[in-house]
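Structure of the sequence below:
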Amino acid sequence: MKTSLEKVGHFIDREGEIAGEVRIVSGWNAVGHEVSLAILTFFIHAYVLTQGVDGIVPFPEFRETGSAMNTTCQTVRDLEPLSHHINAVLEHADPEHYADVLELRDLVRKSRASYDVLAGSDVLVYEGREILYNRQSGLHTDSQDPHLGWALLAGLGLHKGGYVHFPHLGLRVRLEPGDVVALRGRVVPHQIEEWVGQRITIPHFTHSSLWRAFGKHSVFLD
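Predicted coordinates:
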């Protein structure tokens, strides 16, 4: 399957393994971004930020079928233990940012009833996550993230290898099943090394567009 043209990297297609992506996003700015519509890609509570707060509406893919909605809601429920762990990493690693995230989440929920209903079923404090199957990312930064936001990568599946490489820092960090790596994805260039076996990675993220829509600039350096 093909991914967005903006992304650097590719899927590893091997017999007997899954390759593709699932996006579960509660605040999505689709303007100017090409989105993969592969079979495994679907959205729960995805929103297009076209006109600030007033432009937050349910994304069309979310409304297309009841079956997709039910499947995605079940996925969110199954991921709840991991989401609690991700929240805890944010809370203890960066308490100030965590407080800002909770404030933003509360603002969005109060302003849009549809967001409130959908986000109410998801304990993750960030609005976005992707489930990546055998995705090998090339060297990149996460250009849609705030400078002071975090990308939290959770390793799952059944594989060995696939370290996160930070060439500018001279670091290689393990990301195997059970590991979580937190990084400033907008600031630090990073890439994924080769691995053996079925790899599943779940990046958790927040995007600048949602923060700007609600006038929250504490996560921006500029």
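
Determine how far stretch 13-24 lies from the middle of the whole chain.
Put simply, stretch 13-24 sits 16 Å off its chain's centre (C-alpha atoms, centre = their mean, to the nearest Å).

taking the mean pLDDT, what do you get for it?
Stretch 13-24 carries an average pLDDT of 90.

repeat for stretch 131-151
Stretch 131-151 comes out at a mean pLDDT of 94.

ok, now stretch 157-175?
In this model, stretch 157-175 has a mean pLDDT of 97.

For it, buried residues please.
Along stretch 157-175, these residues count as buried under the neighbour rule (16 or more other C-beta atoms under 10 Å): 157, 159, 162-166, 175. Heads up, the C-betas are built off the backbone N, CA and C, glycines and all.

Taking those residues together, which two end up most distant?
157 and 166 (21.9 Å; C-beta to C-beta).

So which of the buried residues of stretch 157-175 is the closest to residue 113?
residue 157 (37.2 Å).

ok, so what distance separates that closest one from residue 96?
Separation of residue 157 from residue 96 (C-beta to C-beta, to the nearest Å) stands at 33 Å.

Equivalent analysis for residue 88, please.
Residue 88 is 16 Å from residue 96, where distance means C-beta to C-beta.

just residue 114 next, same as before
29 Å.

higher neighbour count, the two?
residue 114 (13 against 9; other C-beta atoms under 10 Å).

and that one, that one's in a helix?
Yes: Residue 114: assigned to a helix according to DSSP: H, G, I helix; E, B strand; the rest coil.

Local confidence estimate at residue 56?
For residue 56, the model assigns a pLDDT of 56.

my bad, should have said residue 42
Reading off the model, residue 42 has pLDDT 37.

Not counting sequence-adjacent ones, nearest residue to the spatially most central residue of the chain?
The residue lying closest to the centre of the chain (C-alpha atoms, centre = their mean) is residue 129, at 2.7 Å. With sequence-adjacent residues excluded and distances taken as C-beta to C-beta, 6 or more residues apart in numbering, residue 129 is closest to residue 204, at 4.8 Å.
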